[in-house]
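>>> Output the structure for:
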Amino acid sequence: MLLNETERKKINRWLQSVPPEGEVVPVVHYLFVGDGTETVDDIRYVLSFADRWYSLNGYHIVDNYDELKQIFDKWAVQRAKELAKEQFAGRTDKAGVDYFEGHLSSVATLAETDEEKATAYLHDILEDTDYPEDRLREDFGDRIVDAILMVTHKEHLDEEEYLDYIRKLKASGNKLAIAVKIADLTNNSDYTRLGASRPEELSEKDRKRWEKYRKSLEILQNESNKEV
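Next comes the predicted model:
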């Protein structure tokens, strides 16, 4: 096991206070390397600690954070894929295609990083299923679940309400949520999914929806080229 209970308690105590400026809190490197027997739970805990430490103290303390995150993100993609397939079984999209295969998998394919792909598979789970948020956090941690919450919105928004939701997402600066929403909108604005070869062939209802997605995509793509 990567961290025993005594070590976890020590870490939690460190999180309760901010050290004097310039002081480096001593952290034994092996605590964050493991011995080959570490579990996903161990790695998730270390990453959660590292993220909280950075938000509190303004500097990184886990020197192999990127290595651990790569391991966790690869696991998260597979777990998210399995969970999405389970939760959306039997559902179809607006084109009548299996929702997991037709939409969620397509959005995940458009995503770039493993973290984005995991979030993409799950981006509708809180909006369209009864799966508990706390269970998501237990499995995937705060970064992914916070991004899912950012892209979650109420049903039946009119166009202006929807664009307001997109502007708020843009203003949040959450790069993960923005990247996943861009992938989602890219797939949603693909009119060929509805059997059309050009927008003019869409029904009036579908054309209005396509225009809404196009406007939303433009807002977020403009933001994606800026530092946030």
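
>>> Show me where this structure has its strands.
When assigned using DSSP state E, the chain turns out to have no strands.

>>> For residue 209, give me its contacts.
In this structure, residue 209 makes contact with residue 188, judged by C-beta atoms under 8 Å, 6 or more residues apart in numbering. (Glycine included, C-beta is placed from N, CA and C.)

>>> same thing with the one 10 residues further on?
When the contact criterion is C-beta under 8 Å, 6+ apart, the partners of residue 219 are 163, 166, 167, 170.

>>> most neighbours, which of these?
Neighbour counts for the contacts of residue 219 were taken using other C-beta atoms under 10 Å; the highest belongs to residue 166, with 24 neighbours.

>>> where's that one relative to residue 185, distance?
Spatial separation of residue 166 from residue 185 under the definition C-beta to C-beta, to the nearest Å is 9 Å.

>>> Please apply the same query to residue 80.
19 Å.

>>> what's near enough to touch the nearest residue to residue 186 once chain neighbours are set aside?
Taking C-beta to C-beta, 6 or more residues apart in numbering, and ignoring the residues beside it in sequence, residue 186 has residue 110 as its nearest neighbour in space, at 5.6 Å. Each residue near residue 110 by C-beta under 8 Å, 6+ apart is listed here: 120, 183, 186, 187.

>>> in terms of contact, does the second one touch residue 105 like I think?
No: taking C-beta atoms under 8 Å as the contact criterion, residue 183 and residue 105 are not neighbours in contact, 11.4 Å apart.

>>> where along this protein do the helices fall?
Per DSSP state H, the chain has helices spanning 5-14, 40-57, 65-87, 99, 105-110, 114-122, 125-128, 133-151, 159-172, 175-188, 204-224. These are given in chain order.

>>> closest one to residue 197 among these?
In this view, the helices of the chain are compared for proximity to residue 197 by C-beta to C-beta, and helix 204-224 is the closest at 13.3 Å.
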